[in-house]
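[1] Could you work out the structure for the sequence below:
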Amino acid sequence: MEEQTQTLMIPRAKLGSQGLEVSKLGLGCYTLTGAYNAPLSDEDGIAVIKHAFSKGITFFDTSDYYGHRIHEILIGKALKQLPREKIQLATKFGIVRFDQTDLVVNGRPEYVRACCEASLERLGVEYIDLYYQHRVDKTVPIEDTMGELKKLVEEGKVKYIGLSEPSPDTIRRAHAVHPITALQMEWSLWTRDIEGEIVPLCRELGIGIVAYSPLGRGFFGGRGVGESISAGGVLVSKLGLGCANLSGTYTSPVSNEDGIAIIKHAFSKGITFIDTSDIYGPRTNEILIGKALKQLPREKIQLATKFGIVRFDQTDLVVNGRPEYVRACCEASLERLGVEYIDLYYQHRVDKTVPIEDTMGELKKLVEEGKVKYIGLSEPSPDTIRRAHAVHPITALQMEWSLWTRDIEGEIVPLCRELGIGIVAYSPLGRGFFGGRGVGESISAGGVLASHPRFIGENLEKNKILYFRIEKLAAKYECTPAQLALAWVLHQGDDVVPIPGK
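    Now for the predicted structure:
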């Protein structure tokens, strides 16, 4: 074995009170086999692990579930090029199957042993330093699972035992059978649920905490971090920019110069997902976006626009979903935007006088012709979603979702996750309400918000009380109300992309 040296030492830390010492930073290897991105080659994955070791990281985390077993094989290959005695290796068992709608776990003693022996073989090691139950099997008494883990410790196959995402009661019961060395729990700037009960309990019992997703599942990793908003769908920045208000939805329109500057500034901060519609302005918003795009790299932009609203005011909504109108709108939008294709093309509102199959049929043709890459819907019913998705896969729904607009959580969100459809949350700041105290007090008499029920009279006064509570909570976490409101939406799932801007 070629000796791998360490050039930068990361401090050591005692994990829990049972004697396990690890590097103060560990390496979660989950994504090497494609959790949030395409899998790395074995060569690249091994290089990542060896580089981490050279910088002083000695605590490596995997699971028998990652990559459906191949992840442990990759780690094992890397370990052959590293000094085993300097590595603290953690792996997990217990998840049999996991997808967006189903989690199957197994904590039976015979399964525990079989998993451990299989992991040892895949990893090519004689022992596992820290062996976690990945998720607790509530159909099996934790005492039974822990009893088998205790035997594995006594046999020298496992050195220390851990749990991932257990309840406080489970922690106490498990710890009574054999000391728990560490819990693996999600903990980051935007995931702080464990601070109430779990953290104090761990400190009472001398249990260490291994924080997974400390970068908010990658969100805090850099300006340009993007996530797929649907299974196999378009890759976008985790925050988008809703551009409707640039053309005066709630305020006076901004000048072209200012509008372009706003879009370019957003891009400089890592926002690459730009949202518009042919009705915004009307029509002029797409022209503005087109001018901005001429000053940006088109290949790095995910451009969403919409068709279908013919006329809209406070008393009237006219929509059109006829195939010939779909095509005419798309071609007109392409011309106004000055682009050859639209990344994500939504039907802005469903036309109930036209079968959705007819509308989708024309959209499918536009995809086949290369004029549209992905298809979306805005504010459809569950039945419409299923019927549309049967014609051509829907990539995303654009729906209102915020701290005070949560109607979609009952039927729409579960359906999207069943079908692998992403959710683009418009008005994540409550149509600006969570943007600051002054919003509710500066509504122009002639503006759209002046007629919105939540901004009128007694409703507004009650909502101000809600705002003050949000403001107080934001102060507790040392952020603004707008940041808190956005964080809440972002926390709803990796398949949710808010588009603040109005």
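[2] what's near enough to touch residue 458?
    Contacts were defined as C-beta atoms under 8 Å, 6 or more residues apart in numbering; by that measure residue 458 touches no other residue. For the C-beta atoms, the positions are set from N, CA and C on the backbone; glycine is no exception.
[3] Over to residue 467. Which of the three states is it?
    Counting by DSSP: H, G, I helix; E, B strand; the rest coil, the backbone at residue 467 sits in helix.
[4] now it: how far from residue 270?
    Taken as C-beta to C-beta, to the nearest Å, the spacing of residue 467 relative to residue 270 amounts to 28 Å.
[5] So this protein: which segments form each domain?
    Domain assignment of the chain by automatic domain parsing yields the ranges 12-219, 228-499.
[6] to the chain's geometric centre, what's the distance from the first one?
    Read it as domain 12-219. Between the centre of domain 12-219 and the centre of its chain there are 22 Å (C-alpha atoms, centre = their mean, to the nearest Å).
[7] and what of the longest one?
    Centroid displacement of domain 228-499 relative to its chain, using C-alpha atoms, centre = their mean, is 18 Å.
[8] Can you report the mean pLDDT over the residues of it?
    When pLDDT is averaged over domain 228-499, the result is 90.
[9] just to revisit the earlier point, more neighbours: residue 467 and residue 270, which one.
    Residue environment comparison for residue 467 versus residue 270 gives the larger neighbour count to residue 467, 22 against 14, counting by other C-beta atoms under 10 Å.
[10] Hmm, residue 436 and that one touching each other?
    No: between residue 467 and residue 436 there is no contact under C-beta atoms under 8 Å: 9.1 Å.
[11] hey, what's in contact with both of those two?
    Residues touching both residue 467 and residue 436 comprise residue 481, with contact defined as C-beta under 8 Å, 6+ apart.
[12] and the closest residue to residue 12 other than its chain neighbours, how many residues sit next to it?
    Spatial nearest neighbour of residue 12, chain neighbours left out: residue 21 (5.5 Å); criterion: C-beta to C-beta, 6 or more residues apart in numbering. Neighbour count for residue 21, taken as other C-beta under 10 Å: 11.
[13] so who does residue 21 touch?
    By C-beta under 8 Å, 6+ apart, the residues touching residue 21 are 12, 13, 14, 15, 88.
[14] Then residue 241?
    For residue 241, the contacting residues are 263, 266, 271, 273, 274, 275, 499, 500, 501, by C-beta under 8 Å, 6+ apart.
[15] go with 6 Å
    266, 271, 274, 501 (C-beta atoms under 6 Å, 6 or more residues apart in numbering).
[16] most surrounded residue in those residues?
    residue 274 (27 neighbours).
[17] From residue 12, how far off is residue 417?
    In this structure, residue 417 and residue 12 are separated by 41 Å, where distance is defined by C-beta to C-beta.
[18] repeat for residue 344
    In this structure, residue 344 lies at 48 Å from residue 12, with C-beta to C-beta as the measure.
[19] The two: who's more crowded?
    Under the neighbour definition other C-beta under 10 Å, residue 344 and residue 12 were set side by side, and residue 344 has more, 26 against 13.
[20] In which helix or strand does the more buried one reside?
    Applying DSSP states H and E as the criterion places residue 344 in strand 342-347.
[21] Using PDB, list the CA coordinates for that strand.
    Taking only C-alpha atoms (Å, rounded to 0.1, in the frame of the first residue of the first chain), the coordinates of strand 342-347 have been written out as PDB:
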ATOM      1  CA  ILE A 342     -37.800  27.800 -23.100                       C
ATOM      2  CA  ASP A 343     -36.500  25.600 -20.200                       C
ATOM      3  CA  LEU A 344     -39.800  25.300 -18.300                       C
ATOM      4  CA  TYR A 345     -43.100  26.200 -20.000                       C
ATOM      5  CA  TYR A 346     -46.200  26.400 -17.700                       C
ATOM      6  CA  GLN A 347     -49.900  26.600 -18.500                       C
END
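[22] Which other helices and strands does that strand contact?
    For strand 342-347, the elements it packs on are strand 302-307, strand 372-378, judged by 3 or more C-beta pairs under 6 Å, 6 or more residues apart in numbering; DSSP states H and E.
[23] Give me whichever of those strands is most buried.
    Across these, averaging neighbours per residue (mean count of other C-beta atoms under 10 Å) puts strand 302-307 on top, at a mean of 26.
[24] Name the next helix or strand downstream of that strand, please.
    Beyond strand 302-307 on the C-terminal side, the first helix or strand identified by DSSP H and E is strand 309-312.
[25] Go through that following strand and flag the buried ones.
    Along strand 309-312, the positions that meet the burial threshold by neighbour count (16 or more other C-beta atoms under 10 Å) are 309, 310.
[26] before we move on, back to that, got a pLDDT number for the residue nearest to residue 12?
    pLDDT for residue 21: 96.
[27] For it, which three-state class applies?
    Three-state secondary structure (criterion: three-state DSSP) places residue 21 in strand.
[28] Show me the shaky parts of the stretch 1-150 of the chain.
    Per-residue confidence of the stretch 1-150 of the chain (counting by pLDDT under 70) places the weak regions at 1-8, 34-38, 99-102.
[29] where along it do the helices fall?
    42-54, 70-79, 109-123, 142-154 (DSSP state H, counting those that start in this stretch).
[30] Check these for me and report the most buried one.
    When those are scored by mean count of other C-beta under 10 Å, the highest mean neighbour count falls to helix 70-79 (a mean of 21).
[31] which strands and helices sit next to that one?
    Here helix 70-79 touches helix 42-54, helix 109-123, going by 3+ C-beta pairs under 6 Å, 6+ apart.
[32] about what we covered before: nearest to residue 47, of the contacts of residue 241?
    When the contacts of residue 241 are compared for distance to residue 47, the smallest value, 31.1 Å, is given by residue 271; criterion: C-beta to C-beta.
[33] separation between that closest one and residue 240?
    When C-beta to C-beta is applied, the distance between residue 271 and residue 240 equals 7 Å.
[34] same thing with residue 39?
    Spatial separation of residue 39 from residue 240 under the definition C-beta to C-beta is 27 Å.
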